[in-house]
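In: Pasting the sequence and the predicted coordinates here, then a few questions.
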Amino acid sequence: MYNFIDHPYTKKLFYLSIPYILLVFLGGQMFTNTYNPYAPDRDTLLETGELLDDYYYDDLREKYLVEYPNEERKINKEIIKRISLEHFNIRENFSSVFIKITPELIELLENDKSLSPYTTKGLSFTFFTGNEIDDPTITLLEQQKSKIISTLLKEKRNLKKEKSDAQKKLKIDNIERKVEIEKKKWDKKIKQAEIDKSNKIKKAFLSSFELYIDDKRITKDNSVYYTHPHKNEKGLKCIFETDSLTKGLHQFKFYYNYLKTDIDAKKIIAKDSLILPMLKH
């Protein structure tokens with residue numbers, strides 16, 4: 001290689017070939033062939049409901065897979081970006097929308113100091129220890145339970161040191177019943193605290209967005225956690241009624257919050273939207 005570059009003739013050939021080498025490797029990035037100079041911006045079309053994109057609908061994505069089986073890898077490679085409607089073609093009285101739990105959505109919850117996460121975020125070494133985070137409310141309840149149970153068991157141990165008689169046995173049996181009653185009572189309180197925490201986090205997720213069909217708000221009461229089968233994306237599935245929709249084209253509107261940094265370098269809540277057409281038959 002050194003002799004090739006060192007020779008005057010081949011050295012000139014090498015320098016002349018540099019532009020062609022760059023063209024081969026960078027040509028796709030250096031040039032763009034625009035066949036429609038009047039095409040509106042894609043994000044603008046999504047914000048105004050003027051774009052029909054198969055990737056935002058479960059039924060159209062499945063139809064696309066059937067019609068183009070050889071493109072399966074390419075189609076499935078595209079992850080759900082933010083939401084996926086169950087149907088573009090509405091024929092039933094109910095439909096649903098999948099809202100993906102995105103990093104932006106998690107950042108919103110992290111900004112809410114009243115929420116306590118279940119685990120640490122990011123990569124954790126869990127071979128010897130887990131990555132669970134103790135909830136202050138649940139930890140306090142467990143400590144209170146432990147203190148009461150320990151006091152009763154200590155009383156039981158002290159009784160066992162005394163001389164055995166019928167009265168002593170009756171007292172020990174009574175303490176054992178109290179222990180079982182206290183265990184059930186505090187386990188019920190802890191379970192309720194766990195349910196309350198789960199509901200609070202779910203409520204925080206749901207409060208970060210609003211759903212509309214045309215100008216009618218969709219209730220989010222019928223919402224469940226869901227793992228979408230497309231690429232196992234985690235999120236929430238909101239089920240809604242469609243029987244009152246008239247035949248024809250409608251707009252499904254998704255308004256969501258996200259955090260952005262203002263001019264003072266502070267995190268503030270901003271809003272954005274995504275509008276998808278849907279057809280009622």
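Out: On my side now, so go ahead.
In: what pLDDT does Ile80 get?
Out: The model reports Ile80 with a pLDDT of 87.
In: Wait, it touches Phe98, no?
Out: Yes: the criterion here is C-beta atoms under 8 Å, and Ile80 meets it with Phe98 at 7.0 Å. Bear in mind the C-beta positions are built from the backbone N, C-alpha and C, glycine included.
In: Need the overlap of contacts for these two.
Out: 228, 233 (C-beta atoms under 8 Å, 6 or more residues apart in numbering).
In: For the residue lying closest to Lys237 once chain neighbours are set aside, grab the count of nearby residues.
Out: Once flanking residues are discounted, Lys237 sits nearest to Tyr226: 3.8 Å by C-beta to C-beta, 6 or more residues apart in numbering. Residues near Tyr226, counting by other C-beta atoms under 10 Å, number 16.
In: Likewise for Ala204?
Out: That count, for Ala204 with other C-beta under 10 Å as the rule, works out to 15.
In: helix/strand/coil for it?
Out: helix (DSSP: H, G, I helix; E, B strand; the rest coil).
In: any idea which element the residue lying closest to it once chain neighbours are set aside lies in?
Out: Nearest non-adjacent residue to Ala204, counting by C-beta to C-beta, 6+ apart: Leu109, 5.5 Å away. Assigned by DSSP states H and E, Leu109 belongs to helix 103-110.
In: Give me the contact list for that helix.
Out: 115, 117, 121, 201, 204-205, 208, 256-259, 269.
In: Among those, which one sits closest to Pro40?
Out: Tyr256 (21.9 Å; C-beta to C-beta).
In: would that closest one count as being in a strand?
Out: Yes: Tyr256 forms part of a strand when assessed by three-state DSSP.
In: in the sheet, who's paired with it?
Out: Phe209, Asp272 (DSSP bridges).
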